[in-house]
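Undergrad: I would like the atomic coordinates for the input below:
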Amino acid sequence: MLKKLLSIYENSILFLNQPENPSDQMFILCNDAENEWISIPKTDVSEKELKLLKTIFKLVEVETSANPSTSNGWYEFLLLNGPLPSYPSEEAIFRLIQFQMSSDDANQIEMESALKGFFTEDVLIIWENGSRGIVIEEKTQISLSEEELISMSETLESDFYVKVSFYIGKLHPFSLELREKFRQEQEYFSFGIINLGNPHILTFERVFPAFLAHHLPEELKQKVNQEVIELFHDDPEMFSTVKIFLENNLNASLTAKRLYIHRNTLQYRIDKFCEKTGIGLKDFHGAFTVFLACLLFEQKRN
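TA: The predicted structure follows:
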């Protein structure tokens with residue numbers, strides 16, 4: 001009878017012996033009459049279906065740790081204030097890449113398998129909840145650039161129909177301080193997801209300017225060039241043009257492409273901004289001041 005479930009639950013696996021070290025992300029059901037076991041992803045089974053299955057088959061209790069990746073202690077260390085996990089090399093350096101899916105309906109097992117396919121099989125993945133997790137890479141395993149991570153995010157979105165955002169952490173030595181570094185990056189990631197439009201890729205450099213602007217005292221916010229903010233308020237198109245121009249490192253071709261406008265139209269808008277404000281965007285100090293004004297205007301608008 002368990003074999004019939006294979007056609008209903010496509011991600012299930014049939015065993016002739018009780019599976020060893022089963023994942024706590026799976027329901028394990030046993031048919032004593034035929035001495036068969038089947039594992040079904042918990043995300044594939046509704047509460048009503050589970051009640052029905054339990055009346056027909058025996059549900060095997062899986063005694064594993066709170067997270068499938070806790071055998072080496074990383075889950076307890078990063079998320080539960082546990083001790084530093086054991087590791088062969090005390091001089092190891094790690095990069096923690098956080099990810100968040102736009103929905104918790106995706107199959108965690110399939111998602112984890114896909115992630116390991118893009119990274120390496122040796123990376124460790126732990127889950128904070130149904131939609132958020134952490135990829136732990138040792139420095140010697142790092143192979144993906146920021147551009148490749150963007151491409152991977154787009155591929156996952158296409159395959160799983162959920163948007164996946166990544167926060168690329170810095171390289172940190174293997175020490176107790178790693179937990180505090182992770183928690184700071186965790187704060188930046190959460191801030192970026194909420195305040196920066198949920199982009200594919202976030203880094204410290206991308207998040208911190210907005211993070212800083214958000215935490216400026218109200219007194220300092222009022223001292224930022226109000227003429228610029230008033231111009232943005234009166235002309236939202238000018239705001240989007242200037243912000244995207246600055247975000248693209250003053251590259252006119254990339255900016256025009258993103259805005260779907262001609263380069264001459266872009267140049268006209270930039271010249272108009274400089275004429276009205278008296279601020280040159282090609283000057284570092286001018287660009288910094290205007291970008292800060294963009295962030296404050298955006299936060300106030302939202």
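
Undergrad: just the pLDDT at residue 130, thanks.
TA: Residue 130 is assigned 78 on the pLDDT scale.

Undergrad: in this structure it contacts residue 100, no?
TA: No: judged on C-beta atoms under 8 Å, residue 130 makes no contact with residue 100 at a distance of 10.6 Å. The C-beta positions use only the backbone N, C-alpha and C, and glycine is treated the same way.

Undergrad: between those two, which has more neighbouring residues?
TA: residue 100 (22 against 14; other C-beta atoms under 10 Å).

Undergrad: how close does residue 279 get to residue 222?
TA: Here the criterion is C-beta to C-beta, to the nearest Å. By it, residue 279 lies 18 Å from residue 222.

Undergrad: hmm, I was thinking of residue 78
TA: Taking C-beta to C-beta, one finds residue 78 at 39 Å from residue 222.

Undergrad: also residue 112?
TA: Counting by C-beta to C-beta - residue 112 and residue 222 are separated by 48 Å.

Undergrad: give me the more crowded residue out of these two.
TA: residue 112 (19 against 10).

Undergrad: secondary structure element holding the more buried one?
TA: Per DSSP states H and E: residue 112 is located in helix 108-118.

Undergrad: likewise residue 40?
TA: For residue 40, the host element (DSSP H and E) is strand 36-41.

Undergrad: could you list every helix and strand that the very next helix or strand once past that strand packs against?
TA: The first helix or strand that comes after strand 36-41 along the chain, using DSSP H and E, is helix 47-56. The contact analysis (3 or more C-beta pairs under 8 Å, 6 or more residues apart in numbering; DSSP states H and E) places helix 47-56 against strand 26-31.

Undergrad: where does the spatially most central residue of the chain fall, secondary structure wise?
TA: The centroid of the chain falls nearest to residue 99 when counting by C-alpha atoms, centre = their mean (2.6 Å). Element membership of residue 99 [criterion: DSSP H and E] is strand 93-101.

Undergrad: also residue 231?
TA: Going by DSSP H and E, residue 231 is in helix 226-234.

Undergrad: isn't residue 142 right next to residue 95, touching?
TA: Yes: with contact defined as C-beta under 8 Å, residue 142 counts as touching residue 95 (5.9 Å).

Undergrad: and stretch 138-156, how far apart are its ends?
TA: Length of stretch 138-156, first residue to last, C-alpha to C-alpha, to the nearest Å: 23 Å.

Undergrad: residues contacting it, please?
TA: 92-95, 97, 111, 114-115, 118-120, 122-123, 162-166, 168, 171, 200-201, 203 (C-beta atoms under 8 Å, 6 or more residues apart in numbering).

Undergrad: now that stretch, how far from the chain's geometric center?
TA: In terms of C-alpha atoms, centre = their mean, to the nearest Å, the centre of stretch 138-156 is set 12 Å apart from its chain centre.

Undergrad: what does stretch 204-215 give?
TA: Its chain's C-alpha centre and that of stretch 204-215 lie 17 Å apart, by C-alpha atoms, centre = their mean.

Undergrad: where are the low-confidence patches of this protein?
TA: Residue ranges of the chain with pLDDT under 70: 20-25, 62-72, 121.

Undergrad: domain ranges for it, per the record?
TA: Following automatic domain parsing, the chain resolves into domains at 2-60, 70-211, 216-301.

Undergrad: ok, residue 299 - how many residues close by?
TA: Neighbours around residue 299, by other C-beta under 10 Å: 14.

Undergrad: ah, wrong one, I meant residue 151
TA: Using other C-beta under 10 Å, residue 151 has 14 neighbouring residues.

Undergrad: tell me the spacing between it and residue 145.
TA: For residue 151, the distance to residue 145 equals 9 Å [C-beta to C-beta].

Undergrad: residue 246 now?
TA: For residue 246, the distance to residue 145 equals 23 Å [C-beta to C-beta].

Undergrad: out of those two, which sits in the more crowded spot?
TA: For residue 246 versus residue 145, the count of surrounding residues by other C-beta under 10 Å is larger for residue 246: 16 against 10.

Undergrad: that one contacts residue 291, correct?
TA: Yes: assessed by C-beta under 8 Å, residue 246 is found in contact with residue 291 at 4.9 Å.
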